[in-house]
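A.B. asks: The sequence and its predicted three-dimensional model are supplied below.
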Amino acid sequence: MNLLLAGTDECEPDFAQYFGDRCSGADSEGNLNDVNMLVHISDAPRRVTVISFPRDLMVPIPSCTDAQGNTTEALSKQQINSAYMYGGLGCVVETISDLSGQQIPFAAKVSFGGVINITDAIGGVDVCIANGIQDPYTGIDWPAGMRTIKGLDALQFLRTRHGVGDGGDLGRISNQQQYICLLYTSDAADEED
């Protein structure tokens, strides 16, 4: 089975105070799908494979119909992270399905607040920080080593790109994949107990 996870930069009222201009300034209009993960779960043997699509990837976006029934025109070349703004979660699914050639029958959107709440609900996620992270944009200044992340720290770990790798999307994707893998294994371990 295939499942799409789309992380949006939605500014929910309960969490907006943490994100400054993103939630109150010029960038506050519209929601972007900044995280796009295609999850494939095989039947036998049971394996989970996650493919991430960089948010700045330039792709065609198909004509989409949003939740209010409005149809957008197809776009020949746009950043993949604008698909949610054009037509909601269904448009992100259609865009990635067209790009990957995979049928995607299931999808979920996770907002800023959703990440915070999910991580807190399971008691945090243990991540390995290889070289330390210093990112003034997210407020992270963490040394190398193991760290349990919860709440806003978990979200900032997933959002940071200036403090990892070359400051681009690939470093952020590495953090996101580490988090989702550990979230999955943490949840699987809880089910066995």
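C.D. replies: Okay, I see it.
A.B. asks: Helices of this protein, start to end?
C.D. replies: 21-24, 83-100, 112-121, 151-159, 169-192 (DSSP state H).
A.B. asks: Distance to residue 46 added to these, as a markdown table?
C.D. replies: (Each C-beta comes from the backbone N, C-alpha and C, glycine too.) Shown next, in a markdown table, are those (distance: least, C-beta to C-beta, whole Å):
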| stretch | distance to residue 46 |
| --- | --- |
| helix 21-24 | 38 |
| helix 83-100 | 21 |
| helix 112-121 | 22 |
| helix 151-159 | 26 |
| helix 169-192 | 10 |
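A.B. asks: Can you tell me which of those has the worst average pLDDT?
C.D. replies: Per-stretch mean pLDDT for the helices of the chain is lowest at helix 169-192 (a mean of 71).
A.B. asks: what's the longest strand in this structure?
C.D. replies: strand 33-41 (DSSP state E).
A.B. asks: still on that earlier bit, which among the helices of the chain is found nearest to residue 4?
C.D. replies: Using C-beta to C-beta as the measure, helix 83-100 is the one of the helices of the chain that comes nearest residue 4, at 5.3 Å.
A.B. asks: got the angle between the closest one and strand 33-41?
C.D. replies: Counting by axes from the mean of the first three to the mean of the last three C-alpha atoms, to 10 degrees, helix 83-100 lies at 40 degrees to strand 33-41.
A.B. asks: got the contact list for helix 83-100?
C.D. replies: 4, 6, 8, 30-33, 36, 38, 51, 53, 59-62, 64-67, 72, 75, 78, 80, 102-104, 107, 109 (C-beta atoms under 8 Å, 6 or more residues apart in numbering).
A.B. asks: Tally up the residues packed near the residue lying closest to residue 73 once chain neighbours are set aside, please.
C.D. replies: Counting by C-beta to C-beta, 6 or more residues apart in numbering, residue 63 is the residue found nearest to residue 73 once chain neighbours are left out, at 5.9 Å. The local packing of residue 63 (other C-beta atoms under 10 Å) involves 13 other residues.
A.B. asks: Can you name the residues that contact residue 63?
C.D. replies: 71-74.
A.B. asks: and if you look at residue 33?
C.D. replies: So residue 33 contacts 6-8, 55, 80-84, 92, 109 (C-beta under 8 Å, 6+ apart).
A.B. asks: give me that answer again for 6 Å
C.D. replies: 6, 8, 81, 83-84, 92 (C-beta atoms under 6 Å, 6 or more residues apart in numbering).
A.B. asks: Any chance of these in CSV with distance to residue 171 and neighbour count as columns?
C.D. replies: Output for the contacts of residue 33, formatted as CSV (distance: C-beta to C-beta, whole Å; neighbours: other C-beta atoms under 10 Å):
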residue, distance to residue 171, neighbour count
6, 20, 26
8, 20, 22
81, 16, 24
83, 23, 28
84, 22, 27
92, 22, 29
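A.B. asks: wait, which of those is closest to residue 149?
C.D. replies: residue 8 (19.8 Å).
A.B. asks: For the closest one, give me the pLDDT.
C.D. replies: 93.
A.B. asks: do the one 3 residues further on as well
C.D. replies: We have a pLDDT of 83 for residue 11.
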